[in-house]
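**Student:** this one's structure only:
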């Protein structure tokens, strides 16, 4: 039985490969598919099969999924093109008669009005129409969305956003990856929907407080109207379209769109999720 991980060259994909190996899946039964296969040389050296694949190239997708029994479709990164790219993978999975396709969607995809969720909703609809057995991994925010910005936050002396007092159930990429691996090796997963998020939700003010505690530098959170936040982001070089998505996502946080209380992530990985404090302190130690 082969397990194909698409988008394997990305950070989440690499974590999934590692988690599958930790789960005891033989390396020869794992296919790591992605565009920049040179980034997977370390996994190839451990016996993982590496396959060049581009979501926009149907031929390469079909080749990567040849013989697949289970597939993890990690959502593409090219906003605006993802639905058709995902359709290509779903069609290839159907042609291979795979027994399970797991898709990394977004938390609360069926209820959120965040712009970022649109392509995820459309992909979920494609899956339902496809006849392919599927499971939805509705991932919440990565803690790394914030910790990877720590050097800039410290340089500015403040956090800015439009999330108000809203809270987000964030978890580490590795947590979500271990959940995906657990689902891929388990039986009877078709039709399940997992709402995945961290054990403890936090606000942007909480984040600022954690950064302050970890670094000894006082960091405040400045809440801004969405238009002002877009202006701030574009002023430091963020493309306007992406800045608007970030601001809209913050408004979603303010509404509670990224709150997850199911405990699904903790159950799947069999341990508490990575806490905000752990993630911030780890990032601060290397900042």
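**Tutor:** Yes, it's here. Quick caveat: nothing in here was measured; it's all calculated off a predicted structure.

**Student:** Flag every buried residue along stretch 87-101.
**Tutor:** Within stretch 87-101, the residues that count as buried by 16 or more other CB atoms under 10 Å are 87, 88, 89, 90, 91, 92, 93, 96, 98, 99, 100, 101. C-beta here means a position set from N, CA and C on the backbone, and glycine is covered the same way.

**Student:** Among these, name the ones in strands.
**Tutor:** Mapping the buried residues of stretch 87-101 onto strands (DSSP state E) picks out 100, 101.

**Student:** could the buried residues of stretch 87-101 go into JSON lines alongside pLDDT?
**Tutor:** Shown next, in JSON lines, are the buried residues of stretch 87-101 (pLDDT from 0 to 100):
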{"residue": "87", "pLDDT": "97"}
{"residue": "88", "pLDDT": "97"}
{"residue": "89", "pLDDT": "97"}
{"residue": "90", "pLDDT": "98"}
{"residue": "91", "pLDDT": "97"}
{"residue": "92", "pLDDT": "97"}
{"residue": "93", "pLDDT": "98"}
{"residue": "96", "pLDDT": "96"}
{"residue": "98", "pLDDT": "98"}
{"residue": "99", "pLDDT": "97"}
{"residue": "100", "pLDDT": "98"}
{"residue": "101", "pLDDT": "98"}
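
**Student:** Closest to residue 77 out of the buried residues of stretch 87-101?
**Tutor:** residue 89 (13.9 Å; CB to CB).

**Student:** Quick check: the closest one touching residue 71?
**Tutor:** Yes: the criterion here is CB atoms under 8 Å, and residue 89 meets it with residue 71 at 7.3 Å.

**Student:** Which residues are in contact with each of those two?
**Tutor:** 6, 65, 101 (CB atoms under 8 Å, 6 or more residues apart in numbering).

**Student:** List the residues that contact the first one.
**Tutor:** When the contact criterion is CB under 8 Å, 6+ apart, the partners of residue 6 are 13, 33, 34, 53, 55, 61, 64, 71, 72, 73, 74, 89.

**Student:** mind running it again at 6 Å?
**Tutor:** Counting by CB atoms under 6 Å, 6 or more residues apart in numbering, residue 6 touches 33, 73, 74.

**Student:** Which residue, neighbours along the chain excluded, lies closest to it?
**Tutor:** Nearest residue to residue 6 in three dimensions, chain neighbours excluded: residue 33, at 5.1 Å (CB to CB, 6 or more residues apart in numbering).

**Student:** Could you measure from residue 5 over to residue 43?
**Tutor:** Per CB to CB, to the nearest Å, residue 5 is found 10 Å from residue 43.
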